[in-house]
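Asker: Build me a model:
(4 chains)
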Amino acid sequence: MLESVSFIIPLLPLLPFLGFVANLLFIRNERSAGLIATATVGVSFILSLVAFILFAMGGGSRPYLDLVTWYWINTGALIVPFGFLYDSLSSTMTLLVTGVGTLIHIYSIGYMHGDKRPVRYFAYLNLFVAMMLTLVLADNLLLLFLGWEGVGLCSFLLIGHWFERKSARAAAVKAFVVNRIGDAGLLLAMMAIFALTGSLTFYSQTHPSGEGVLPGFLDSTSSFSAIFNFPGQPMVLATAVTFLILIGVTGKSAQFPLLVWLPDAMEGPTPVSALIHAATMVTAGVYLLLRVEPLLEMSSGTRAWILWIGALTAIIGATAALAQWDIKRVLAYSTVSQLGFMVVAVGLGAYTAALFHLLTHGVFKALLFLGSGSVIHAAGDEQDMRRMGGLRKALPTTFWTYMVGALALAGIFPLAGFWSKDEIIAHAFEHNIIVFGVLFVASILTALYMGRQIALVFFGEQRDHSYHPHESPKLMTVPLIILAVGTIIAGVINLPGSHFLNTWLQPVIAEEAAPFGTSEIVLAIVTTLIGAAAFYLSWRFYNERAARLRANSNDPIYRGTGAIWEGFNEGWYLDGFYKAAIVQPFRSVANFIAQVFDPRGIDGLVDGIVRSLNGASNGIGRIQNGFLRTYALVFLIGVVLIVGYFVAVNR
Amino acid sequence: MDFWMRLIALIVQCVIIALAATTAFAYLTLFERRTLARLQNRIGPNRAGPNGVLQPLADAVKLFFKEDIIPALADRPVYLIAPAISIIPALIIWAVIPLGCWNVLGSYKACFDPAQQNDANSFWNIFIVANNINIGVLYLLAVTSIGVYGITLAGWASNSKYSMLGGIRSAAQLVSYELSLGLAVLGAIMMAGSLNTTEIVDVQRGWWFVIPQFLGFVLFMISSTAEVVRAPFDLVEAEQELAGGYNTEYGSMKFALFFMSEYLKLIAVSAIAVMLYFGGWNFPGLEALGDTLSPMIGVAGASAVVGIVSFLVFVLKVLIFLFISVWVRASWPRLRYDHLMNLGWKWLLPMALINVVATAAVVVLVPDNRYIQGIILFVIGVVVIVGAAALGQPRNKHQVEPISMAQISTKQ
Amino acid sequence: MELAIFIITALIALVGAGAMIMSRNAVHSALFLLLNFAAIAILYLLLRAPFLFAVQLIVYTGAIMVLFLFVVMLLGAERAEDERDAIAWQKPLAIGLSVILFIEALIVSFRNGFAALPELSAEAEQIGAPETIGQVLFSKYLLPFEITSIILLVAIIGVIVLNQRRKTVS
Amino acid sequence: MVPTTYYVLLSAALFVLGVLGVLLRRNAIVLFMSVELMLNAANLALVAFARERASTDGQVLVFFVITVAAAEVAVGLALLVAIFRSKRTTDVDEVHALNG
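Answerer: Alright, predicted model coming up:
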């Protein structure tokens, strides 16, 4: 049975890739492009489901499946197989990616109808999924990095899909550049790992020569236990390596210093936002952290960093989400916040909880984004919540599914978000009370901004009558319904007590299921109640004041908070900080180079060389006067010199 | 001692040959005029002396006393030196031509048996050749090639259109025909295996090269006639076209020098033809004559007789050639200039090349028997000549050039 | 005796060469060069090279110089230097350099000394005989000989092509 | 016998005269003649050396030089005639335009 799994696994990334190739080279119309793209990803989903079941049935004997298709790089010292690692972690991720991906594809057919470049869009979308699957299934860091860069590239391409818009172009470039910063960290980490262990594969496998083993670096953790004399403070090598990995993760998963790209990524088509935020891209960072869990376990220092970065991100995201007008930016900052939750879980050592939240969040955030897409679609591409209101009546399906998603995000019992988020908060409560406090506030804020959004978008009266809202087509609503169902039931995969996910992940992540005691139950009840209360209060507050909102008016709480609200709205001025600290100096240096150094220095140098060469050639050219006799004279000079040399010097 | 003796003898020889040659020239003019006259059914000069024998003297006196004119626009130095340049090669060419064999100190036998020429380099061995050098034939070619300068320079220095054209024509003609001349001679050289003129004469004893080198001989005759600018190749001085050619502006003795050089060269070329193809001074029975006489008047006397007879034989043979030359002049019309060039480059040169190749092949393939060599080469030669004549026939009646009456002219 | 001949001939050669480059008239130049060549030919004889003597006369005086004269006359180019020299500045330079070159030759000569050569044996006298040269030419130097023949052929073709009259298309 | 050095000196003198001719004269034909003079000077030195070494090789070399010189003169004069046809001059300074 496992043999059939090994037959299936390479197909998972290959099918979307083939779809990409087909769309890239052969398909020319929107309809077939959407069909091909959806079909490939859909088949990939079915296959991953099959593989998952087969693996689950026969997986007991073998904790993972390492499938080397061929050796990508085989230079003696550096051996990089093009291999797929199929274990409980990657199989779960595969399901999420293909499942949510399929729904987003279906949704895209409806959403992107009438777009200028649908074929290109679907090609990129397919490539995105293929790259994400490569990332998830890679059995070594370099192949993972290929997928890592691949999703980075695809995000750039898709965010900039409507590149006619300046903001889209800027957002695409921003996403790309910010991600590169993190990638540099990951690259350095890879180099360090290779230098330490001589291998980039995760787990040991057969050496390509057929004899011996190609060690996996996760199996040879002893290499990382050496002490590295960092100036002023010795640290374990594992800390250095994992810290470098953490830099990569902050880039890809939009953690604190590098989170700025994600809100701007809303410039892409909404399904792309869903894909980036839910199933792919941002989850890659968390996935990577889970993947290198043995290393993290060795470095309490890095885990502390992870913890605090996550907490900070969670609170930044939550507060910023509270002060957005753009329906999608709210969700974007919400994603940032939720990613912070996951990272905190990793930092706490609650890897299963992180993955659990990753999965549930993937489902309900996809639901929310697709729902917001539906709203935007209905509102004639209007994204400002001040221009919406009262869409509940026009968009019933969207409203109800969105409501499910929002409640799940707010952590209301018994939706998926409740289970996963509560588990993280429970862990925090147990380990670090400050972080618990931060997360607790963040989760209340989550309920607040979701209530605000629901109130502003769906309740009250329609404030802007320039469009006629209408329910989206079936192609868009059906995925919403499926996701809503998923959101409702997804909690079961790791219900307290059953710990299904914990058990499932046992071969990969050696983590005992957290005990489920009275304090946890009390905590859960308290958080849920507070969350529900916050949600209701916020809904009520905004529902009452929504009618007075106009296109440019301030938030009702702006009067009370003022500059704080402004700061939240600007995402804690991180963009401004970067602009002032990095972009402006860089720009002035570039300006100096462009306006002073280049024309005076480089051009001057080049012109000078040209002028001197011109002068020289003019001078030399005068010797070439065409007079035969002058040439003969020069010849004679040479003869005299040579003969003189032999007469006088070299007798 | 030997050196000074040799030098004196050389000087004596040179003076004798120079005087003899000029005298021969003088009487050749008479001979030609008389013969031409006879061929044209008239009498010729017969007033000065009995049968006009003093006519050359009279001509000389007349030329000496003519007014010497130098054209105002002439290039004086070259104008003056040109006749000298013209006459010098005509004289020095005689240096290597064996005129006879008079072994003064030894036996006449040495003339007929190379084995007895034990002292080959001794001056006394063979008297009548002025300088017996081993590059004799090359010397001949070199000197003939210098002959062009006199005419060319005279034509240029006169600074006159007609003279100039004559000079340029001569330069082109002489350079062109030199090639076939040299190649024709090459056949004889290959047969003889030597460049030494005496040896060439030696080798021909009993088997003159005219038979094996028949083709070469014909080519030599044609191209040497052109080389000495003799009718029918005398376009250089065609009166009708060039008003006399290169020597139009010359008068008195300077003209006489050109005139003399022409005739001297004619004689020299005839002598070379005799030397190369008709056995030089050799004649059947010459050795027998010596054998007959030596008991009567001693070896030295016999040698003297043989020497004189051989010289006379040589002169006789040359006379025959001279007569032929006059005869040709009387009979054949002058060629057109392009025909001249065509003949030289397109007919004579290929034929000469064929001759060289055939001779070389036969000499190598049939190394020992000179009679068989001769017969084969003779046949080849006749075939080539006949073939060339056949090929040269005008194919179209319209291409036949109108033939005018032979232009017969005497100088003066 | 031989030295006397050498000195006379050498003087003739030098005068010929000098007059050649001094002469304003190309035909005179050619004639002086002819004189020079003749002198060199005689020097060849002194150097026991009778074959080269003949070749020098036949080729240089008999063919090359005739060609020169022919071209000069044909083109009427005996006086081509009427205008002012455009690069007169190089005249002193040229003379100076030539003098230096000659001085260098002098230095070499004086370094080598002026020892008279020994008389050659009768056998060695044959080095310039046509037979010897023929032997060497067709054995040791056969390849250069053939190549020379090719060069001559190419030259013939080249000359013909160069001075071909363009056939006018009509 | 005459020392070889005399011949070499004569050869050098003739060569220098040839050089001067090339450098000072403008008539292409005279210039050409000067080149021939230089060739002859070199030939003379070669023959002198051959005489000193009692070797035939030098003379054979001279033979080759003379032969090739003949070819060279033929081609050179043909070029000259061709130039004269277009430029109506044999002054080398008149043909100093480097293009066309």
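
Asker: tell me the mean pLDDT over the one helix or strand residue B:11 maps to?
Answerer: Residue B:11 belongs to helix B:2-39 when assigned by DSSP states H and E. In this model, helix B:2-39 carries a mean pLDDT of 82.

Asker: near chain D at all, it?
Answerer: No. Judged by CB under 8 Å from any CB of the partner chain, helix B:2-39 stays clear of chain D, getting no closer than 15.2 Å. Heads up, the C-betas are built off the backbone N, CA and C, glycines and all.

Asker: Not counting the next helix or strand after that helix itself, show me its contacts.
Answerer: Proceeding N to C from helix B:2-39, the next assigned helix or strand is helix B:55-65, under DSSP H and E. Under the contact criterion CB atoms under 8 Å, 6 or more residues apart in numbering or on different chains, helix B:55-65 has outside partners B:26-27, B:29-30, B:33, B:45, B:47-49, B:252-253, B:255-256, B:412.

Asker: again, only using 7 Å
Answerer: Here helix B:55-65 makes contact (CB atoms under 7 Å, 6 or more residues apart in numbering or on different chains) with B:26-27, B:29-30, B:45, B:48, B:252-253, B:256.

Asker: picking up where we left off before, could you name the helices and strands sitting against the helix holding residue B:11?
Answerer: helix B:55-65, helix B:252-277, helix B:286-331 (3 or more CB pairs under 7 Å, 6 or more residues apart in numbering or on different chains; DSSP states H and E).

Asker: Highest mean neighbour count out of the ones you listed?
Answerer: For the helices and strands packed on helix B:2-39, the largest average neighbour count (mean count of other CB atoms under 10 Å in any protein chain shown) is found in helix B:252-277, namely a mean of 24.

Asker: Format the helices and strands packed on helix B:2-39 as TSV; extra columns: mean pLDDT and distance to residue B:195.
Answerer: Output for these, formatted as TSV (pLDDT from 0 to 100; distance: least, CB to CB, whole Å):
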stretch	mean pLDDT	distance to residue B:195
helix B:55-65	84	36
helix B:252-277	86	12
helix B:286-331	84	20
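
Asker: Nearest to residue A:604, out of those?
Answerer: helix B:252-277 (80.3 Å; CB to CB).

Asker: anything in that closest one near chain C?
Answerer: No. Judged by CB under 7 Å from any CB of the partner chain, helix B:252-277 stays clear of chain C, getting no closer than 14.6 Å.

Asker: how about low-confidence regions in chain D?
Answerer: The model of chain D has pLDDT under 70 over residues D:96-100.

Asker: give me the residue from it nearest chain B.
Answerer: Of all residues in chain D, the one sitting closest to chain B is residue D:74 (11.2 Å; CB to the nearest CB).

Asker: Quick check: buried residues in the strand or helix carrying that residue?
Answerer: Residue D:74 belongs to helix D:57-87 when elements are defined using DSSP H and E. Buried residues in helix D:57-87, defined by neighbour count with 16 or more other CB atoms under 10 Å in any protein chain shown: D:58-81, D:83-84.

Asker: Just put the helices and strands packed on helix B:2-39 in TSV and tack on distance to residue A:612.
Answerer: Listed next are the helices and strands packed on helix B:2-39 as TSV, based on distance: least, CB to CB, whole Å:
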stretch	distance to residue A:612
helix B:55-65	78
helix B:252-277	69
helix B:286-331	79
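
Asker: Sweet, I'm off.
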